[in-house]
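Q: Build me a structure from this.
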Amino acid sequence: MEIRYQLTARDFQEALVAHRQVRPVTRWIYRTLKAIVVVFALFAILSAVADHRRETLLNLVPAYGLLVMWAALIWLLPIWSGQNQFRKQPGVQGSRTVEIDDRGIRSRWDGGSSDTEWKTYVRSYESRNDVLLYTSPVCFNILPKRAFDAAQLTEFRTLLKDKVAAPK
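A: You can find the predicted model right below:
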């Protein structure tokens, strides 16, 4: 099968968020951190409402600062990092043609090409909008699902199941 697509900064952002979900440990760490941020925010708001004296509000300023920092790290860092990585890699900007078959994946783009056998991929991960193909524990290629029609996506999932190890 052959697909054509153009990567976007949003693809990079979504891939970075999806990358967090690959291992169960990191998935639960981020879920726990998000829960802590939400509980901490509720506590800070309830404290301010229950005792709205100036001293109480001033005492909560460091808590609000910490809350903003954690929220930024969890939700805003992937956005910034994805945009930054996309802008600084001219090789990912532009159209790409990818051929997928039983032997592997062949990619062509303005400025290069690659021919990768299935044995090179150590795992794959499918998120809501992308498929991440890992060549090492942290290095992955992004294939946006929008590039596939329904039949191609089904065929691709079958190939992944047969040729690439599932995440552990």
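
Q: G104 is in contact with V98, isn't it?
A: No: counting by Cβ atoms under 8 Å, V98 is not a contact partner of G104; they are 10.7 Å apart. C-beta here means a position set from N, CA and C on the backbone, and glycine is covered the same way.

Q: Pull up the overlap in contacts between these two.
A: Where contact means Cβ atoms under 8 Å, 6 or more residues apart in numbering, no residue is in contact with each of G104 and V98.

Q: Sort out which residues of the longest helix along the chain are buried, please.
A: Ordering each helix of the chain by length in residues (DSSP state H) puts helix 24-50 first. For helix 24-50, burial by neighbour count (16 or more other Cβ atoms under 10 Å) applies to V37, F40, A41, A44, A48.

Q: From L57, how far out is the fourth one?
A: According to Cβ to Cβ, to the nearest Å, A44 stands 10 Å off from L57.

Q: now the first one
A: Applying Cβ to Cβ, one obtains 20 Å for the distance of V37 from L57.

Q: just the strands in this protein please.
A: For the chain, applying DSSP state E gives strands covering 2-6, 95-100, 104-109, 112-117, 123-126, 130-134, 140-144.

Q: Show me what the longest helix of the chain packs onto, helices and strands only.
A: When contacts are defined as 3 or more Cβ pairs under 8 Å, 6 or more residues apart in numbering; DSSP states H and E, helix 24-50 packs onto helix 9-21, helix 54-59, helix 61-71.

Q: Out of those, which gets the lowest mean score?
A: Mean pLDDT values for the helices and strands packed on helix 24-50 show the minimum at helix 54-59, a mean of 75.

Q: got the CA positions of that helix in CSV?
A: Extracted C-alpha coordinates of helix 54-59, given in CSV (Å, rounded to 0.1, in the frame of the first residue of the first chain):
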residue,chain,number,x,y,z
ARG,A,54,-5.3,39.1,52.6
GLU,A,55,-2.8,37.1,54.6
THR,A,56,-4.4,33.8,53.5
LEU,A,57,-4.3,34.8,49.9
LEU,A,58,-0.7,35.9,50.1
ASN,A,59,0.3,32.6,51.8
